[in-house]
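curious how this folds, go ahead:
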Amino acid sequence: MDNNKTVYLGTGHRKESVARVRIVPGSGKIIINGISSESYLQFSPTYIRIAKSPLSTLGLDNKYDVHVNAHGGGLTGQTEAIRLGLARALCKVNPENRTALKFEGYLTRDARTIERKKYGLRKARKAPQFSKR
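Model (predicted):
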């Protein structure tokens, strides 16, 4: 990356996943952990669409290169963390982008996480099999 280009940062969280997103003016490439987004997201059209959705909403698909450092959780959590981080970074690019992104719900942090396991149960709510005798 060149040092004379403006870099915008955004962080996204979802479940146990964290995505640090940097956007730089460029040609529309998305790099996740040093790998192209298609191969990192296992060529899943759904995941790719979710990750790019803030850019698509604003019509900026080929205006910015996106560099992502994602870790923790699984592919779904990471994809949605990337979406949030990208939306936050695009708000820093131009504050007017905020209205469209907020309307689509891309700026809302999904706070749902895994419920803790309770004692006497197998998982958070799954109980051992009941035996009458």
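
which parts of this protein are strands?
Taking DSSP state E as the criterion, the chain carries its strands at 8-14, 17-25, 30-32, 35-36, 64-71.

for stretch 111-121, the averaged confidence score.
Per-residue pLDDT over stretch 111-121 has a mean of 95.

need the single longest helix in this protein, by residues.
When the chain is parsed with DSSP state H, its longest helix is helix 75-93.

which parts of that one are buried?
Buried residues in helix 75-93, counted by 16 or more other Cβ atoms under 10 Å: 77-91, 93. Using the backbone N, CA and C atoms, a C-beta is placed for each residue, glycine as well.

and those residues, which two are furthest apart?
Spanning the widest gap among the buried residues of helix 75-93 are 77 and 93, at 24.8 Å by Cβ to Cβ.

need the strands of the chain in CSV (columns: mean neighbour count).
What follows is the strands of the chain, written out as CSV (neighbours: other Cβ atoms under 10 Å):
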stretch, mean neighbour count
strand 8-14, 20
strand 17-25, 20
strand 30-32, 20
strand 35-36, 11
strand 64-71, 20
